[in-house]
Every structure is written in structure tokens, then in C-alpha cells.
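In: need the 3D shape of this:
(chains A and B)
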Amino acid sequence: MTIASPRVLTHGVARGTIALLLQPLSLWGGLHLDDGTICDVNHPQHGLSLAGKVLAMRAARGSSSSSSALVEAARRGVAPAAIILARPDPILAIGSLVAADLYGLQIPVILFPEDAWHRIPADGEALVDASASGCRVDFAVL
Amino acid sequence: MQLESIDQALLDGAFGAASAHAMRLLVRYGEVFEADRFISIESAHIDGCLYHGPSSINFVRRFVDLGGRVRVPTTLNVAAVDVVHPGWHQGPPDLLSEQALLTALHEELGCVATLTCAPYQRMLRPGLGDHIAWAESNAIAFANSVLGARTDRYGDFTDLCAALTGRVPYVGLHRPENRRATLVVQAPAIDATGLARDLYFAAMGYVLGARSAGHVPAIVGLPPDASEDELKALGASAASAGAIALFHAVGITPEAATLSQATGGADAEAATIAISGEELRAAVRSLCPLLAGERIAAVCLGTPHFSIAEFEHLARIVDGRRASVDVEVYVSTSREIAAHVERTPELGPVLSFGAKLVVDTCTYLAPVVRETTGAIVTNSGKWAHYGPGNLGRRVGLMTLEQCVRSAETGRVAAS
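Out: Prediction:
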């Protein structure tokens, strides 16, 4: 299944298993920077690894440090490969821009409209290809 | 995007290579949010001075190497350790030197090492309508909501780029139309909830953050005498539970003299929700899984940083009382307010109770608590939210009075 032309916040190509979150997560205080698992004990998916995954969550929450958490996780190789949001988030967007600027690591951040959200498979893989000329997302159900 | 001559000059390097690089990042950031122009800011508050790893240093060092200098008054948020009391640091020794380097690099850029998450208490109080670029979720919520200044929800990196250029894209909460309330939230009266006043504000924030995602909420029914510290607690809790960067409290906050002002005249169109006393009590239960009588290791207060008024209140409560020798009591605040507490005789009871004043940082992120097994109690909704994940500890949210009683006995006090 392909979903064409979601809005691109930041560029990159990424492939990974989908991590579909039931609730928003603050990456700072919510993502363990040693191994990329969710360490927020109040989050229903506490313990789930986001490392190398295509992270899908409707919105971010919380801390201004989430941009630093994203860049530091990228530097350590445990960041999500791509992020799909329903609402634009300035903090994750700048984190993605700086990961590319400092280390050349691209973590595309794209927006999916709320009415297409149900099409993201909970158990599946995604290929995200986001550039200035457009964006394509392919899902494969595992 | 329509760039003004100052923006072009910044890009062209007329203000140095560091400002040019910062401006390039900001233009890219502005494109992400479809900005049509940039505006000037009056001040910046930097959250990126908290050490997360080598990437924190890599980012700021590049601007130092390029000879950068901030172009507006710029304060620093908390750091990862209390360098005034290095003996209290229980984490890896390298963290002290790495954090000291990160702070020094920011100072080389002209930032003032205030090292507080509450710069609005004493250092920098922006006025109604002032455009600023502040990071740190509680500082953002306070500046927007309580002071009526205008900042978007800035994160680490954007904050420093804004400081180095004095410019930000004109998007988000800088624009008046985005500051209007889109959700009306009916708050229950304190008496109807059965909660103590401090728990009421912490829980209101927590439920507000969870239930008004994607909205600017206007709260109706908060007590009209809500203090600045109570609004600080509410905003910090709301920003932890959601991405709340601006709330209006009708009849209390400066852009909400009436509901109609808060909504920009569109109160009939705004959706309305009611928060019940039971929801607030459920939030408190979820943030306090501790059992009465359970052993505690520490009490942590001051998240966000304790104000002078909060120290005065604490001094009255603990006068003549003493914490158990087995319980560590920490109050986080700024160096400047800590110095005030230490030289003010009326605040002596805080110190004779056994409290230690942690400065430059916060106990929910800095490894300060020595004892490694018992639970930690706090009256801060924000601490109770982040503490368990950050520190891997059992944490309980309770009233200040209950925290003090628990400190006296070393056991979780019954409510």
C-alpha cells in the first residue's frame, strides 16, 4: 500500500519496522539514550524499542530537550529511522535538521493527516522517501 | 518567504559566520513551518545548555569556533549537575567536567549563566506582547500564559540560533490568531474535588495537558486568587502531560480578562469540555502509586525552581520541625534565590528542618539522591511525571504538608 504526498517537514530516506504509539511521547525523559527503548513508565508501551524503527505518533509532548535527545540518540545509533506525526512539532523538526547538519544523519519527519492515520499498520514495515520534490510512503504488513 | 534586509545581511555574514550559520538553520526551520517572514525578539532562554552527550558540545562549539556572540539578552536554563556542590553528585565523574565545559562554551557566546528554569521569577520578566524565543517547557508556558509574552514552543538548538541572530520565523504563538483559545475547559471548584490546594493545581495541569492536546485551552472556574506559583505549577504539569505552551485562565491571565477576549470573540464556536473532581483524583492516584507507611529515601521540592514566596511558605510549615536523619530533603532553586534563603533569618527553619538547596539543576535529572532504594516524594506534578523514567525510582505526588510529615518519619504519611 502506498500513500502519496504526505507533507514533508524534513528530508531523508528510511526503512524500518513500524512503531505505532498509542500515546504521544516526549523523547527527552521518555526515550532511553543508551538503547532507544521507551523509558517513560507512564507510557502504555514502556519498554518498546524505537531504535531504527519508523516511529508513528500523532503528536509529541513535553520537553524542549526532545530535540537534543533525538540528536544524541542519532549520534549513538539508537534513534528512530523516521518519524510520522499528525501534528507538526517544532522541537522534533529542529532535532532532525541538526542531526543532518552536525552528523549528516537524516531522520525524515513527515505529516500524515488524521484521516489517513488508520492506514498505518500496527505490525508492518514502512519505507519513507521524503525530499523537497515530494514524499512517498510504502507500507508492508508483516 | 519574504526576507528583510537584516535577515539577508545575517545570511550574508555581515554579523559574522556564526550568526550566518544560525540564520541558515532558522530559514530551513521557517520553511518547515511555512513562515512568510521573520521578526525580531527581545530575549532568549536557552535549554540546550543541559548536557545530554557529546552532541550537546558539538553543536555549541561550532558557533564558538566561528566567533559567535548572542545578539539579545540570553539566559541559560538548568544544567545536568549542581557544580556549586560537586560533593552531592552521585553520577559519573566525567559529567561534572563535560557540563562545566558546555556552560563555559555558552558563556563564551555571551549567554548569562543563570542556570534556572524559572528566569521569569527574578532575572528576566518579558512584558505583555513582547516577542521572545524561550525554550524549556515550563518557562514557555509561564511566559506565554502568565506574562502574556509571545514565544513559540522552542526546543534546544532553535533557541541558540534565535539568540545568535535576534530573529525568529513569524509562526506559531508569535501570531495573535494562534493565541486564541480553541477549547473551553470547565474546572471544578477546589472544595468540590476534596484535594488540597497544591495538589489541585498540579492535577489540573496534568489533566489539562492530556485532554487539550492540539488546542490552546481557556480554563473557566480556577480560583480567582490563584497565585503566580500555582499557575507555574499548573503550566509545568500541563507541559509535561501534553505539549501545552499557552493556556488562558479566564479572569486571571493577561489575555483572558473575559472568555470572549481569550477566544478572540469566538467563544460560541469553541468546543467545551468539563474536568471532573474524579479525573483530578485519578491523576493524583496515577502519579502516586506509593502505599501509606512505605519507606522513603528523599523529598524533592522545587520543580520548577522554588520561588522566594514558596520558601516563605515552606518556612512557616516546617518551623520547629525536623526531618528524620534517614531522609534526604532537597529543594531546587537558582543560585541567586539560594543565597537569599541562606542570608534571611526568617527562612532559617527551611535549613534547620534539614533541607539542602540544590542549585543550577533539578533533582529529577541530576543524580543527587544518595540512598538508592527507597521511594521519593514530591509536591510537583512535573517531578512525579519525569522522575520515575529518568531515575528509575518509585515516586509519589503528595501535598507539601504530607511531604513534610513523610520526611519527619521516613515513611509515606497517610493523606
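
In: which bits of the stretch 201-350 of chain B sit near chain A?
Out: For the stretch 201-350 of chain B, the residues found near chain A under the criterion Cβ under 8 Å from any Cβ of the partner chain are B:Gly209, B:Ala213, B:Gly214, B:Ala239, B:Ser240, B:Ala241, B:Gly242, B:Ala243, B:Ser286. (C-beta placed from N, C-alpha, C; glycine too.)

In: of the residues you listed, just the buried ones, PyMOL syntax please.
Out: Those of those that meet the burial criterion (16 or more other Cβ atoms under 10 Å in any protein chain shown) are gathered into one PyMOL selection, given here:
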select buried, chain B and resi 209+213+239+240+241+242+243
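
In: export the residues of the stretch 201-350 of chain B next to chain A to JSON lines and tack on distance to B:Ala270, pLDDT and secondary structure?
Out: Formatted as JSON lines, the entries for those read as follows, by distance: Cβ to Cβ, whole Å; pLDDT from 0 to 100; DSSP: H, G, I helix; E, B strand; the rest coil:
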{"residue": "B:Gly209", "distance to B:Ala270": "18", "pLDDT": "95", "secondary structure": "helix"}
{"residue": "B:Ala213", "distance to B:Ala270": "15", "pLDDT": "83", "secondary structure": "coil"}
{"residue": "B:Gly214", "distance to B:Ala270": "13", "pLDDT": "85", "secondary structure": "coil"}
{"residue": "B:Ala239", "distance to B:Ala270": "21", "pLDDT": "93", "secondary structure": "helix"}
{"residue": "B:Ser240", "distance to B:Ala270": "24", "pLDDT": "90", "secondary structure": "helix"}
{"residue": "B:Ala241", "distance to B:Ala270": "21", "pLDDT": "89", "secondary structure": "helix"}
{"residue": "B:Gly242", "distance to B:Ala270": "17", "pLDDT": "85", "secondary structure": "coil"}
{"residue": "B:Ala243", "distance to B:Ala270": "19", "pLDDT": "82", "secondary structure": "coil"}
{"residue": "B:Ser286", "distance to B:Ala270": "28", "pLDDT": "95", "secondary structure": "helix"}
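
In: pLDDT wise, what is A:Thr2 at?
Out: The per-residue pLDDT reported for A:Thr2 equals 65.

In: if I look at B:Ser240, how far off is B:Asp198?
Out: 16 Å (Cβ to Cβ, to the nearest Å).

In: confidence score at the residue positioned nearest the centre of chain A?
Out: Within chain A, the residue whose C-alpha comes closest to the C-alpha centroid is A:Ile83; the distance, by Cα atoms, centre = their mean, is 1.9 Å. In the prediction, the pLDDT value recorded for A:Ile83 is 97.

In: contact partners for it?
Out: By Cβ atoms under 8 Å, 6 or more residues apart in numbering or on different chains, A:Ile83 lies in contact with A:Val54, A:Leu55, A:Ala56, A:Met57, A:Leu92, A:Ser96, A:Ile107, A:Pro108, A:Val109, A:Ile110.

In: beta-bridge partners for it, please?
Out: According to DSSP bridges, the partner residues bridging A:Ile83 are A:Leu55, A:Val109.

In: host element of B:Tyr330?
Out: With the criterion set as DSSP states H and E, the secondary-structure element containing B:Tyr330 is strand B:328-333.

In: excluding chain neighbours, what is closest to the residue of the stretch 201-350 of chain B found nearest chain A?
Out: Shortest the stretch 201-350 of chain B-to-chain A distance, computed as Cβ to the nearest Cβ: residue-wise this is B:Ala243, at 5.0 Å. Here the nearest residue to B:Ala243 in space, its sequence neighbours aside, is A:Arg61; by Cβ to Cβ, 6 or more residues apart in numbering or on different chains that works out to 5.0 Å.

In: and the helix or strand that contains B:Val207, which residues are buried?
Out: For B:Val207, the enclosing helix or strand under DSSP H and E is helix B:197-211. By 16+ other Cβ under 10 Å, the buried positions in helix B:197-211 come out as B:198-211.

In: which residues of chain A score low on pLDDT?
Out: Where chain A drops to pLDDT under 70, the residues are A:1-5, A:62.

In: show me the contact partners of stretch B:263-278.
Out: By Cβ under 8 Å, 6+ apart, the list of residues contacting stretch B:263-278 from outside reads B:176-177, B:180-188, B:192-195, B:204, B:207-208, B:211-212, B:218, B:259-260.

In: what sits against the closest residue to B:His174 other than its chain neighbours?
Out: Counting by Cβ to Cβ, 6+ apart, B:Arg150 is the residue found nearest to B:His174 once chain neighbours are left out, at 5.1 Å. Contacts here follow Cβ under 8 Å, 6+ apart; on that basis B:Arg150 touches B:Gly129, B:Asp130, B:His131, B:Ile132, B:Asn144, B:Leu173, B:His174, B:Arg179.
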